[in-house]
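Chemist: predicted model follows, preceded by the sequence.
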Amino acid sequence: MKRILLVEDDKNVQRLLQEELNDDGYQISVASNGKEALSILKKKDEQKPDLIILDLRMPKMDGFETMGHILKSRQNTPVIIHTAYSSYKNDVMVMAADAYVEKSHDLTRLKDVIRELIGK
(Lines give C-alpha, C1' and ligand atoms only; values in the text may rest on other atoms or scores of the structure.)
Protein backbone atom coordinates (compact mmCIF):
# COMPACT_ATOMS: atom_id res chain seq x y z
CA MET A 1 0.00 0.00 0.00
CA LYS A 2 1.40 3.41 -1.00
CA ARG A 3 1.85 5.91 1.83
CA ILE A 4 1.05 9.61 1.58
CA LEU A 5 2.04 12.33 4.05
CA LEU A 6 -0.63 15.03 4.06
CA VAL A 7 0.66 18.33 5.44
CA GLU A 8 -2.45 20.45 5.98
CA ASP A 9 -3.61 22.65 8.88
CA ASP A 10 -7.34 22.74 8.05
CA LYS A 11 -9.03 19.89 9.95
CA ASN A 12 -11.92 19.68 7.47
CA VAL A 13 -9.56 19.35 4.51
CA GLN A 14 -7.54 16.79 6.46
CA ARG A 15 -10.62 14.66 7.06
CA LEU A 16 -11.88 14.95 3.50
CA LEU A 17 -8.57 14.03 1.89
CA GLN A 18 -7.86 11.29 4.41
CA GLU A 19 -11.23 9.63 3.75
CA GLU A 20 -11.07 10.01 -0.03
CA LEU A 21 -7.49 8.80 -0.35
CA ASN A 22 -8.01 5.94 2.10
CA ASP A 23 -10.96 4.85 -0.06
CA ASP A 24 -8.60 4.90 -3.05
CA GLY A 25 -6.26 2.50 -1.27
CA TYR A 26 -3.59 4.84 0.11
CA GLN A 27 -2.34 4.92 3.70
CA ILE A 28 -2.44 8.51 4.97
CA SER A 29 -0.35 10.17 7.69
CA VAL A 30 -1.30 13.72 8.66
CA ALA A 31 0.84 16.62 9.85
CA SER A 32 -0.77 19.97 10.75
CA ASN A 33 2.30 22.05 9.93
CA GLY A 34 5.79 21.84 8.48
CA LYS A 35 7.48 21.12 11.81
CA GLU A 36 5.32 18.02 12.32
CA ALA A 37 5.98 16.95 8.73
CA LEU A 38 9.75 17.23 9.09
CA SER A 39 9.61 15.25 12.32
CA ILE A 40 7.79 12.45 10.49
CA LEU A 41 10.24 12.58 7.57
CA LYS A 42 13.28 12.33 9.88
CA LYS A 43 12.18 8.98 11.26
CA LYS A 44 14.36 6.18 9.89
CA ASP A 45 11.78 3.45 9.46
CA GLU A 46 9.71 1.71 6.83
CA GLN A 47 6.89 4.24 7.28
CA LYS A 48 8.49 6.78 4.93
CA PRO A 49 5.88 8.30 2.63
CA ASP A 50 5.85 7.59 -1.10
CA LEU A 51 4.39 11.07 -1.68
CA ILE A 52 3.92 14.36 0.19
CA ILE A 53 0.90 16.62 -0.28
CA LEU A 54 1.94 20.02 1.04
CA ASP A 55 -0.23 23.03 1.84
CA LEU A 56 1.55 26.40 1.76
CA ARG A 57 -0.15 28.58 4.37
CA MET A 58 0.14 26.95 7.79
CA PRO A 59 1.11 28.01 11.32
CA LYS A 60 4.50 27.28 12.96
CA MET A 61 6.22 26.41 9.67
CA ASP A 62 4.65 27.15 6.31
CA GLY A 63 4.92 25.08 3.15
CA PHE A 64 7.62 27.28 1.61
CA GLU A 65 10.02 26.70 4.50
CA THR A 66 9.04 23.04 4.69
CA MET A 67 9.77 22.60 0.98
CA GLY A 68 13.18 24.18 1.51
CA HIS A 69 13.98 21.63 4.22
CA ILE A 70 12.74 18.78 2.05
CA LEU A 71 15.00 19.92 -0.79
CA LYS A 72 18.02 20.36 1.51
CA SER A 73 17.57 16.89 2.97
CA ARG A 74 17.53 15.45 -0.56
CA GLN A 75 14.37 13.52 0.10
CA ASN A 76 13.62 11.47 -2.96
CA THR A 77 9.90 11.79 -2.33
CA PRO A 78 7.58 13.47 -4.83
CA VAL A 79 5.84 16.60 -3.52
CA ILE A 80 2.48 17.99 -4.61
CA ILE A 81 1.82 21.58 -3.59
CA HIS A 82 -1.89 21.72 -2.71
CA THR A 83 -3.07 25.26 -2.07
CA ALA A 84 -6.06 27.53 -2.53
CA TYR A 85 -3.86 30.34 -3.84
CA SER A 86 -3.01 30.41 -7.53
CA SER A 87 -0.71 33.40 -7.01
CA TYR A 88 2.05 31.14 -5.63
CA LYS A 89 2.43 29.06 -8.78
CA ASN A 90 5.55 30.93 -9.98
CA ASP A 91 7.37 30.98 -6.64
CA VAL A 92 10.79 29.32 -6.92
CA MET A 93 10.18 27.03 -3.95
CA VAL A 94 6.82 25.98 -5.38
CA MET A 95 8.32 25.33 -8.81
CA ALA A 96 10.72 22.84 -7.19
CA ALA A 97 7.75 20.60 -6.35
CA ASP A 98 6.73 17.76 -8.65
CA ALA A 99 3.22 19.15 -9.11
CA TYR A 100 0.99 22.10 -8.23
CA VAL A 101 -2.73 21.50 -7.65
CA GLU A 102 -5.17 24.18 -6.58
CA LYS A 103 -7.61 23.13 -3.87
CA SER A 104 -11.08 22.33 -5.12
CA HIS A 105 -14.19 20.50 -3.96
CA ASP A 106 -13.56 18.23 -6.98
CA LEU A 107 -10.59 16.02 -6.09
CA THR A 108 -10.25 14.52 -9.58
CA ARG A 109 -7.17 16.56 -10.53
CA LEU A 110 -5.40 15.82 -7.24
CA LYS A 111 -6.13 12.10 -7.53
CA ASP A 112 -4.94 12.05 -11.15
CA VAL A 113 -1.65 13.70 -10.20
CA ILE A 114 -1.15 11.26 -7.32
CA ARG A 115 -1.65 8.32 -9.69
CA GLU A 116 0.80 9.88 -12.19
CA LEU A 117 3.48 10.28 -9.53
CA ILE A 118 3.20 7.06 -7.51
CA GLY A 119 0.56 4.85 -9.10
CA LYS A 120 -2.07 3.08 -7.10
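Modeler: Arrived safely, thanks for sending. Quantities reported herein were computed from a predicted structural model and do not represent experimental measurements. Residues are numbered from 1 along each chain as shown.
Chemist: neighbouring contacts of stretch 91-109?
Modeler: 13, 16-17, 20, 54, 56, 64, 67-68, 71, 78-86, 88-89, 110, 113, 116-117 (Cβ atoms under 8 Å, 6 or more residues apart in numbering). Every residue, glycine included, has its C-beta placed from N, CA and C.
Chemist: select only the buried ones of those in PyMOL?
Modeler: The buried residues among these can be selected in PyMOL (16 or more other Cβ atoms under 10 Å) with this line:
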select buried, resi 17+54+56+64+67+78+79+80+81+82+83+88+110+113+117
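Chemist: where does the protein have low pLDDT?
Modeler: Low-confidence segments of the chain (pLDDT under 70): 44-46.
Chemist: what pairs with the residue nearest the centre of it across the strands?
Modeler: The residue lying closest to the centre of the chain (Cα atoms, centre = their mean) is residue 53, at 1.1 Å. With DSSP bridges as the criterion, residue 53 is bridged to residue 6, residue 80.
Chemist: same deal with residue 27?
Modeler: residue 3.
Chemist: so it makes contact with residue 6?
Modeler: No - with contact defined as Cβ atoms under 8 Å, residue 27 does not count as touching residue 6 (10.8 Å).
Chemist: these two: which is more packed in?
Modeler: residue 6 (24 against 13; other Cβ atoms under 10 Å).
Chemist: for residue 92, see how far away that one is.
Modeler: Going from residue 6 to residue 92 by Cβ to Cβ, to the nearest Å gives 24 Å.
Chemist: do residue 75 as well
Modeler: Residue 75 is 18 Å from residue 92, by Cβ to Cβ.
Chemist: repeat that for residue 73.
Modeler: 18 Å.
Chemist: do the same with residue 61
Modeler: For residue 61, the distance to residue 92 - Cβ to Cβ - is 18 Å.
Chemist: with residue 52 instead?
Modeler: Taken as Cβ to Cβ, the span from residue 52 to residue 92 is 18 Å.
Chemist: more neighbours, those two?
Modeler: residue 52 (27 against 9).
Chemist: before we move on, back to that, you'd agree the residue nearest to the centre of the chain is up against residue 7?
Modeler: Yes - using Cβ under 8 Å, residue 53 is in contact with residue 7, at 6.7 Å.
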